[in-house]
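Engineer: no sequence on hand, only this structure:
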Ligand SMILES: [Zn+2]
(Lines give C-alpha, C1' and ligand atoms only; values in the text may rest on other atoms or scores of the structure.)
Protein backbone atom coordinates (compact mmCIF):
# COMPACT_ATOMS: atom_id res chain seq x y z
CA UNK A 1 0.00 0.00 0.00
CA UNK A 2 1.37 3.40 -0.95
CA UNK A 3 1.71 5.91 1.83
CA UNK A 4 0.11 9.33 1.59
CA UNK A 5 2.44 12.33 1.46
CA UNK A 6 1.54 13.21 5.07
CA UNK A 7 2.31 9.69 6.29
CA UNK A 8 5.62 9.84 4.45
CA UNK A 9 6.49 13.19 6.02
CA UNK A 10 5.64 11.93 9.48
CA UNK A 11 7.74 8.80 9.09
CA UNK A 12 10.64 10.74 7.62
CA UNK A 13 10.53 13.27 10.45
CA UNK A 14 10.56 10.50 13.06
CA UNK A 15 13.63 8.97 11.46
CA UNK A 16 15.47 12.23 10.81
CA UNK A 17 15.05 14.18 14.04
CA UNK A 18 17.09 11.86 16.29
CA UNK A 19 20.01 12.13 13.81
CA UNK A 20 19.92 15.90 13.37
CA UNK A 21 22.52 16.65 16.05
CA UNK A 22 24.95 14.11 14.57
CA UNK A 23 24.34 15.39 11.04
CA UNK A 24 24.98 18.97 12.11
CA UNK A 25 28.23 18.28 13.98
CA UNK A 26 29.51 16.16 11.09
CA UNK A 27 28.57 18.91 8.64
CA UNK A 28 30.35 21.43 10.85
CA UNK A 29 33.60 19.42 10.88
CA UNK A 30 33.42 19.04 7.10
CA UNK A 31 32.47 22.58 6.07
CA UNK A 32 34.34 24.21 8.96
CA UNK A 33 31.72 26.92 9.37
CA UNK A 34 28.26 27.04 10.93
CA UNK A 35 26.45 28.73 8.07
CA UNK A 36 27.58 26.18 5.47
CA UNK A 37 26.93 23.37 7.95
CA UNK A 38 23.31 24.46 8.41
CA UNK A 39 22.86 24.80 4.63
CA UNK A 40 24.39 21.36 4.10
CA UNK A 41 21.99 19.77 6.59
CA UNK A 42 19.00 21.46 4.94
CA UNK A 43 20.14 20.36 1.49
CA UNK A 44 20.63 16.83 2.80
CA UNK A 45 17.07 16.90 4.15
CA UNK A 46 15.70 17.98 0.76
CA UNK A 47 17.64 15.28 -1.09
CA UNK A 48 16.74 12.58 1.40
CA UNK A 49 13.03 13.31 1.38
CA UNK A 50 13.02 13.46 -2.43
CA UNK A 51 14.58 9.99 -2.45
CA UNK A 52 12.61 8.52 0.46
CA UNK A 53 10.88 6.04 -1.88
CA UNK A 54 14.29 4.45 -2.38
CA UNK A 55 14.85 4.00 1.35
CA UNK A 56 13.78 0.55 2.51
CA UNK A 57 11.98 0.71 5.82
CA UNK A 58 13.74 -1.25 8.54
CA UNK A 59 17.20 -0.81 7.01
CA UNK A 60 19.93 1.47 8.39
CA UNK A 61 18.49 5.00 8.09
CA UNK A 62 21.45 6.52 9.91
CA UNK A 63 23.96 5.17 7.38
CA UNK A 64 21.62 6.10 4.50
CA UNK A 65 21.26 9.76 5.53
CA UNK A 66 24.98 10.10 6.31
CA UNK A 67 25.75 8.86 2.82
CA UNK A 68 23.55 11.61 1.38
CA UNK A 69 25.27 14.16 3.63
CA UNK A 70 28.82 13.17 2.65
CA UNK A 71 27.95 12.99 -1.06
CA UNK A 72 26.27 16.39 -0.96
CA UNK A 73 29.29 17.83 0.80
CA UNK A 74 31.74 16.50 -1.78
CA UNK A 75 29.58 17.56 -4.73
CA UNK A 76 28.45 21.00 -3.59
CA UNK A 77 30.64 22.32 -0.80
CA UNK A 78 34.09 20.90 -1.17
CA UNK A 79 36.33 22.96 -3.39
CA UNK A 80 39.44 21.32 -4.69
CA UNK A 81 41.48 24.47 -4.10
CA UNK A 82 41.02 23.85 -0.37
CA UNK A 83 43.60 21.13 -0.77
CA UNK A 84 46.20 23.76 -1.57
CA UNK A 85 45.75 25.45 1.76
CA UNK A 86 46.48 22.28 3.70
CA UNK A 87 49.96 21.15 4.66
CA UNK A 88 51.18 18.23 2.55
CA UNK A 89 50.31 14.74 3.69
CA UNK A 90 53.96 13.78 4.03
CA UNK A 91 54.47 16.73 6.32
CA UNK A 92 51.42 15.81 8.36
CA UNK A 93 52.45 12.21 8.73
CA UNK A 94 56.01 12.77 9.86
CA UNK A 95 56.52 11.48 13.36
CA UNK A 96 56.16 14.33 15.77
CA UNK A 97 59.39 15.38 17.42
CA UNK A 98 57.55 17.29 20.13
CA UNK A 99 56.71 15.77 23.44
CA UNK A 100 55.55 18.06 26.20
CA UNK A 101 57.72 17.68 29.27
CA UNK A 102 55.92 17.99 32.57
CA UNK A 103 57.35 17.20 35.93
CA UNK A 104 56.02 14.05 37.52
CA UNK A 105 53.68 12.93 34.75
CA UNK A 106 54.17 11.12 31.47
CA UNK A 107 54.11 13.11 28.20
CA UNK A 108 50.97 11.14 27.28
CA UNK A 109 49.17 12.20 30.46
CA UNK A 110 50.37 15.78 29.89
CA UNK A 111 48.86 15.68 26.40
CA UNK A 112 45.52 14.42 27.69
CA UNK A 113 45.52 17.10 30.41
CA UNK A 114 46.30 20.09 28.21
CA UNK A 115 44.07 19.48 25.19
CA UNK A 116 40.94 21.59 24.95
CA UNK A 117 37.78 21.16 22.90
CA UNK A 118 39.03 23.89 20.55
CA UNK A 119 42.35 22.05 19.99
CA UNK A 120 40.57 18.82 19.13
CA UNK A 121 38.01 20.38 16.81
CA UNK A 122 40.65 22.52 15.11
CA UNK A 123 42.86 19.47 14.55
CA UNK A 124 40.02 17.48 12.95
CA UNK A 125 39.10 20.48 10.82
CA UNK A 126 42.51 20.61 9.12
CA UNK A 127 42.85 16.89 8.33
CA UNK A 128 42.54 16.33 4.53
CA UNK A 129 38.96 15.37 3.63
CA UNK A 130 39.53 11.71 2.68
CA UNK A 131 40.95 11.02 6.13
CA UNK A 132 38.70 13.41 7.99
CA UNK A 133 35.51 11.75 6.76
CA UNK A 134 36.70 8.35 7.99
CA UNK A 135 37.88 9.78 11.32
CA UNK A 136 34.59 11.57 11.93
CA UNK A 137 32.30 8.73 10.86
CA UNK A 138 34.26 6.05 12.65
CA UNK A 139 35.82 7.61 15.74
CA UNK A 140 33.25 10.28 16.54
CA UNK A 141 29.95 8.94 15.22
CA UNK A 142 30.73 5.30 15.97
CA UNK A 143 29.98 3.77 12.56
CA UNK A 144 31.61 0.38 12.04
CA UNK A 145 34.30 -0.13 9.38
CA UNK A 146 31.66 -1.82 7.22
CA UNK A 147 29.11 0.99 7.59
CA UNK A 148 31.80 3.60 6.91
CA UNK A 149 32.78 1.70 3.75
CA UNK A 150 29.15 1.75 2.58
CA UNK A 151 28.63 5.43 3.39
CA UNK A 152 31.77 6.50 1.51
CA UNK A 153 31.54 3.87 -1.25
CA UNK A 154 35.06 2.58 -0.64
CA UNK A 155 36.38 -0.90 0.27
CA UNK A 156 36.77 -1.82 3.96
CA UNK A 157 40.55 -2.10 3.46
CA UNK A 158 40.60 1.53 2.35
CA UNK A 159 38.58 2.56 5.41
CA UNK A 160 41.15 0.83 7.62
CA UNK A 161 44.18 2.38 5.94
CA UNK A 162 42.62 5.86 5.90
CA UNK A 163 41.66 5.52 9.54
CA UNK A 164 45.20 4.47 10.40
CA UNK A 165 46.69 7.46 8.62
CA UNK A 166 43.94 9.80 9.86
CA UNK A 167 44.71 8.83 13.45
CA UNK A 168 48.41 9.45 12.87
CA UNK A 169 47.80 12.90 11.39
CA UNK A 170 45.37 13.80 14.16
CA UNK A 171 47.77 12.72 16.89
CA UNK A 172 50.65 14.62 15.36
CA UNK A 173 48.56 17.81 15.29
CA UNK A 174 47.42 17.30 18.88
CA UNK A 175 51.00 16.77 20.10
CA UNK A 176 52.02 19.96 18.34
CA UNK A 177 49.16 22.02 19.83
CA UNK A 178 49.89 20.66 23.27
CA UNK A 179 53.60 21.24 22.90
CA UNK A 180 53.25 24.84 21.70
CA UNK A 181 51.00 25.57 24.67
CA UNK A 182 53.49 23.98 26.99
CA UNK A 183 56.37 26.03 25.63
CA UNK A 184 54.27 29.21 25.93
CA UNK A 185 53.61 28.34 29.56
CA UNK A 186 57.29 27.62 30.07
CA UNK A 187 58.17 30.93 28.40
CA UNK A 188 55.82 32.82 30.70
CA UNK A 189 57.31 31.12 33.71
CA UNK A 190 60.85 31.97 32.66
CA UNK A 191 59.85 35.58 32.01
CA UNK A 192 58.30 35.76 35.42
CA UNK A 193 61.34 34.25 37.09
CA UNK A 194 63.61 36.67 35.22
CA UNK A 195 61.54 39.65 36.39
CA UNK A 196 61.67 38.48 39.98
CA UNK A 197 65.45 38.34 39.98
CA UNK B 1 50.35 -13.00 21.62
CA UNK B 2 53.54 -10.92 21.42
CA UNK B 3 53.90 -7.11 21.53
CA UNK B 4 54.04 -6.79 17.74
CA UNK B 5 50.75 -8.61 17.32
CA UNK B 6 49.18 -6.75 20.25
CA UNK B 7 50.07 -3.38 18.71
CA UNK B 8 48.55 -4.50 15.41
CA UNK B 9 45.33 -5.54 17.17
CA UNK B 10 45.11 -2.52 19.46
CA UNK B 11 42.94 -0.32 17.27
CA UNK B 12 40.79 -3.20 16.06
CA UNK B 13 40.06 -3.96 19.70
CA UNK B 14 39.47 -0.30 20.54
CA UNK B 15 37.13 0.11 17.56
CA UNK B 16 35.18 -3.01 18.53
CA UNK B 17 36.22 -4.69 15.29
CA UNK B 18 38.09 -7.73 16.62
CA UNK B 19 36.59 -10.75 14.99
CA UNK B 20 36.64 -13.64 17.43
CA UNK B 21 36.18 -13.92 21.22
CA UNK B 22 39.48 -15.84 21.28
CA UNK B 23 41.34 -12.90 19.73
CA UNK B 24 39.84 -10.56 22.32
CA UNK B 25 40.87 -12.91 25.11
CA UNK B 26 44.44 -13.21 23.79
CA UNK B 27 44.71 -9.45 23.51
CA UNK B 28 43.41 -8.86 27.04
CA UNK B 29 45.74 -11.53 28.36
CA UNK B 30 48.73 -9.80 26.76
CA UNK B 31 47.74 -6.46 28.35
CA UNK B 32 47.67 -8.16 31.75
CA UNK B 33 51.27 -9.29 31.47
CA UNK B 34 52.80 -6.42 29.44
CA UNK B 35 53.07 -3.00 31.05
CA UNK B 36 54.24 -1.29 27.85
CA UNK B 37 51.28 -2.39 25.74
CA UNK B 38 48.91 -1.79 28.64
CA UNK B 39 50.11 1.84 28.94
CA UNK B 40 49.84 2.33 25.20
CA UNK B 41 46.33 0.91 25.20
CA UNK B 42 45.22 3.14 28.10
CA UNK B 43 46.61 6.21 26.36
CA UNK B 44 44.93 5.43 23.04
CA UNK B 45 41.65 4.64 24.78
CA UNK B 46 41.70 7.86 26.82
CA UNK B 47 42.67 9.93 23.80
CA UNK B 48 39.86 8.39 21.75
CA UNK B 49 37.35 9.13 24.50
CA UNK B 50 38.62 12.69 24.78
CA UNK B 51 38.30 13.24 21.02
CA UNK B 52 34.86 11.68 20.97
CA UNK B 53 33.37 13.52 23.93
CA UNK B 54 34.73 16.89 22.77
CA UNK B 55 33.30 16.43 19.28
CA UNK B 56 29.95 15.11 20.46
CA UNK B 57 29.66 18.19 22.64
CA UNK B 58 28.47 20.42 19.77
CA UNK B 59 25.03 21.89 20.40
CA UNK B 60 22.44 21.69 17.65
CA UNK B 61 21.24 25.22 16.79
CA UNK B 62 17.53 25.54 17.62
CA UNK B 63 17.02 27.52 14.43
CA UNK B 64 18.20 24.55 12.38
CA UNK B 65 15.45 22.33 13.78
CA UNK B 66 12.86 24.82 12.51
CA UNK B 67 14.58 25.18 9.16
CA UNK B 68 14.57 21.42 8.67
CA UNK B 69 10.89 21.14 9.60
CA UNK B 70 10.15 23.90 7.07
CA UNK B 71 12.02 21.93 4.40
CA UNK B 72 9.97 18.80 5.11
CA UNK B 73 6.69 20.69 5.12
CA UNK B 74 7.49 22.41 1.83
CA UNK B 75 7.04 19.10 0.01
ZN1 LIG C 1 53.36 -5.98 24.86
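Structural biologist: Great, that's in hand. The model shown is predicted, which means the values in this text are computed figures rather than measured ones. Residues are numbered from 1 along each chain as shown, chains lettered A, B, ... in the order given.
Engineer: pick out the residue closest to the middle of chain A.
Structural biologist: Residue closest to the average C-alpha location in chain A (C-alpha atoms, centre = their mean): residue A:136, at 3.5 Å.
Engineer: right, and it touches residue A:124 too?
Structural biologist: Yes - with contact defined as C-beta atoms under 8 Å, residue A:136 reaches residue A:124; the gap is 6.8 Å. Quick note: C-beta positions are derived from backbone N, CA and C, even for glycine.
Engineer: quickly list what's touching both of the two.
Structural biologist: Residues touching both residue A:136 and residue A:124 (C-beta atoms under 8 Å, 6 or more residues apart in numbering or on different chains): A:29, B:55.
Engineer: contacting residues for the residue in chain A that the ion sits nearest to?
Structural biologist: Residue of chain A nearest the ion, by C-beta to the ion: residue A:108 (15.9 Å). Shown in contact with residue A:108 (C-beta under 8 Å, 6+ apart): B:39, B:43.
Engineer: ok, the residue nearest to the centre of chain A to residue A:128 distance?
Structural biologist: Going from residue A:136 to residue A:128 by C-beta to C-beta, to the nearest Å gives 13 Å.
Engineer: quick one, phi psi at residue A:58?
Structural biologist: When read as degrees, to the nearest 10, the backbone of residue A:58 gives phi 90, psi -10.
Engineer: ok, residue A:4 next?
Structural biologist: Dihedral angles (degrees, to the nearest 10) for residue A:4: phi -70, psi 160.
Engineer: distance of it from residue A:10?
Structural biologist: Going from residue A:4 to residue A:10 by C-beta to C-beta gives 9 Å.
Engineer: which one of these two has more residues nearby?
Structural biologist: Shown here are residue A:4 and residue A:10; by other C-beta atoms under 10 Å in any protein chain shown, residue A:10 has more neighbours (13 against 9).
Engineer: just the pLDDT at the more buried one, thanks.
Structural biologist: Residue A:10 is assigned a pLDDT of 94 by the prediction.
Engineer: contacting residues around residue 13?
Structural biologist: Just so you know, I chose chain A. Counted by C-beta under 8 Å, 6+ apart, residue A:13 has contacts B:69, B:72.
Engineer: let's do chain B instead
Structural biologist: By C-beta under 8 Å, 6+ apart, the contact set of residue B:13 is B:24, B:27, B:41.
Engineer: now, of the residues you listed, which are buried?
Structural biologist: Listed as buried from the contacts of residue B:13 are B:27, B:41; burial here means 16 or more other C-beta atoms under 10 Å in any protein chain shown.
Engineer: and residue B:35, how far from residue B:41?
Structural biologist: To residue B:41, residue B:35 is 11 Å away according to C-beta to C-beta.
Engineer: same question but for residue A:180, I mixed them up
Structural biologist: Counting by C-beta to C-beta, the gap between residue A:180 and residue B:41 amounts to 27 Å.
Engineer: got it, and residue A:16?
Structural biologist: Relative to residue B:41, and taking C-beta to C-beta, residue A:16 is found at 37 Å.
Engineer: let's test this: name the helix or strand in chain A with the lowest mean pLDDT.
Structural biologist: One helix or strand of chain A scores below all others by mean pLDDT, DSSP states H and E: helix A:82-85, with a mean of 55.
Engineer: okay, and residue A:179 sits in which element?
Structural biologist: Applying DSSP states H and E as the criterion places residue A:179 in helix A:156-196.
Engineer: make that residue A:110, sorry
Structural biologist: helix A:107-114.
Engineer: buried residues in stretch A:159-173?
Structural biologist: Neighbour-count burial for stretch A:159-173, counted by 16+ other C-beta under 10 Å, picks out A:159-160, A:162-163, A:165-173.
Engineer: near chain B, list only the ones from the residues you listed.
Structural biologist: Among the buried residues of stretch A:159-173, the residues lying close to chain B (C-beta under 8 Å from any C-beta of the partner chain) are A:163, A:167, A:170-171.
Engineer: quick one: mean pLDDT for stretch A:170-183?
Structural biologist: Mean pLDDT, computed over stretch A:170-183, is 88.
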